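Visitor: Fold the following and give me the result.
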Amino acid sequence: MRITSNCAECLYARQKSKTNNAEYLSEIRALIDNRNENDTSPYMIYLFNKIHLKYFGKIADYSAIKKQYNDLVLHMEDSLLCEINSSNDPLAKALIMARIGNYIDFSAMDSVNFDKFKSLLINADMRKDDIKTYNAFLRECTKAKSFLLICDNCGEVVLDKLMLKQLNKRFPHLTIRAMVRGSNIINDATIEDAKYVGLDNVAEIITNGEAIAGTIYELLPEYSKEIFNNSDVILAKGQGNYESLSGQGRHIFYAFLCKCDLFTTRFNVPMLTGMFIEEKQKKVYLTNQLQ
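Guide: Next up, the predicted model:
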């Protein structure tokens with residue numbers, strides 16, 4: 001998903017809100033103005049952070065926030081599981097809850113409010129416009145042998161775990177893997193976070209190899225590339241994964257909340273609308289984001 005002019009200005013404004021260091025901001029502006037047409041927001045932020053380290057020696061530490069939100073959702077786990085198990089379609093309910101978990105995003109959201117998150121869970125039912133995608137998802141899982149979940153944020157990964165449990169119940173023949181971030185970036189989930197919430201009890205955990213809030217194929221470790229290439233069904237969570245993977249000809253399901261103007265405009269929906277999308281495989285040239 002290419003960067004629009006409005007998105008580029010938003011990227012710059014977010015960096016400017018952090019510091020008035022003229023040299024730093026000059027380098028950021030140069031990166032934005034000279035970006036490749038295939039560059040995505042997650043990749044640009046990855047580059048910004050490298051420059052940030054050069055000037056300031058460290059990036060913001062979200063470890064306390066990550067633990068806080070993992071713990072908050074873990075404390076809800078029993079009640080959420082009860083609600084899932086009592087629904088007419090536990091997998092559908094768990095999938096929508098996992099999508100709502102995408103709200104816990106300290107990158108795209110100006111503020112995250114746990115009470116708001118809980119209020120979103122009150123309406124954790126599949127909408128009519130999700131049904132077609134969900135039925136396609138079920139058909140693919142029925143004939144598949146392997147499943148890859150590409151995760152996004154902490155807190156959210158607790159709900160991902162509940163969803164994968166239901167997926168395993170529905171399709172016990174599937175080999176299930178989950179991809180997390182290779183290193184700390186904002187409040188995105190890493191291997192340590194995945195193990196903390198018990199995601200490793202329901203899936204083999206792999207990483208994208210980098211501190212990047214998306215999935216850049218060219219940056220994946222070889223083992224993760226192999227898993228990515230050979231997974232029969234892929235479900236990617238969050239805006240960052242959609243931005244960095246969509247439009248490249250791959251067959252991927254996406255689940256996320258629209259949390260910025262770029263997404264609400266693209267899909268013509270209100271803020272915090274949940275999207276469940278199937279992007280079917282096409283014979284197109286897969287663009288290299290690292291050119």
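
Visitor: Which parts of the stretch 1-150 of the chain are strands?
Guide: Secondary structure of the stretch 1-150 of the chain (DSSP state E, counting those that start in this stretch): strands located at 146-150.

Visitor: what residue ranges in it are flagged as low confidence?
Guide: By pLDDT under 70, the low-scoring segments of the stretch 1-150 of the chain are 1.

Visitor: let's go with 90 and repeat that
Guide: Scanning the stretch 1-150 of the chain for pLDDT under 90 picks out the ranges 1-7, 10, 14, 18, 36-39, 58-59, 107-111, 123.

Visitor: Show me where it has its helices.
Guide: All helices of the stretch 1-150 of the chain, identified by DSSP state H, counting those that start in this stretch, fall at 5-16, 22-33, 41-56, 63-74, 77-85, 90-100, 114-121, 128-143.

Visitor: Could you say which helix or strand holds residue 185?
Guide: For residue 185, there is no helix or strand it lies in under DSSP states H and E.

Visitor: Confirm for me that it is in contact with residue 208.
Guide: No: Residue 185 lies out of contact with residue 208 (C-beta atoms under 8 Å); the separation is 9.8 Å. C-betas here are computed from N, CA, C, even on glycine.

Visitor: the more surrounded of the two?
Guide: More crowded of residue 185 and residue 208, by other C-beta atoms under 10 Å: residue 208, with 29 against 24.

Visitor: and residue 218, what pLDDT?
Guide: The confidence metric pLDDT takes the value 94 at residue 218.

Visitor: which phi and psi does it have?
Guide: With angles defined as degrees, to the nearest 10, residue 218 sits at phi -60, psi -20.

Visitor: end-to-end on stretch 241-261?
Guide: One end of stretch 241-261 sits 17 Å from the other (C-alpha to C-alpha, to the nearest Å).

Visitor: Ok, stretch 243-257 next?
Guide: For stretch 243-257, the end-to-end distance is 13 Å (C-alpha to C-alpha).

Visitor: Return the set of buried residues in that stretch.
Guide: Within stretch 243-257, the residues that count as buried by 16 or more other C-beta atoms under 10 Å are 243-248, 250, 252-257.

Visitor: Adding distance to residue 143, write those residues out as CSV.
Guide: Shown next, in CSV, are the buried residues of stretch 243-257 (distance: C-beta to C-beta, whole Å):
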residue, distance to residue 143
243, 29
244, 27
245, 22
246, 23
247, 25
248, 23
250, 18
252, 16
253, 14
254, 20
255, 20
256, 25
257, 29
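
Visitor: Tell me which of the residues you listed fall in helices.
Guide: 243-245 (DSSP state H).

Visitor: out of those residues, who's nearest residue 112?
Guide: The shortest approach to residue 112 among these belongs to residue 243, at 19.5 Å (C-beta to C-beta).

Visitor: For that closest one, give me its contacts.
Guide: By C-beta atoms under 8 Å, 6 or more residues apart in numbering, residue 243 lies in contact with 1, 40-42, 214.

Visitor: Ranking by neighbours, what's the top pick from the residues you listed?
Guide: residue 214 (30 neighbours).

Visitor: isn't that one right up against residue 244?
Guide: Yes: Residue 214 lies in contact with residue 244 (C-beta under 8 Å); the separation is 3.4 Å.

Visitor: which neighbours do the two share?
Guide: 40-43.

Visitor: Can you pick out the most distant pair from the residues you listed?
Guide: Going by C-beta to C-beta, the pair spanning the shared contacts of residue 214 and residue 244 furthest: 41 and 43, at 7.3 Å.

Visitor: Quick check: neighbours shared by those two?
Guide: 214, 244.

Visitor: Report how many residues lie close to residue 3.
Guide: 22.
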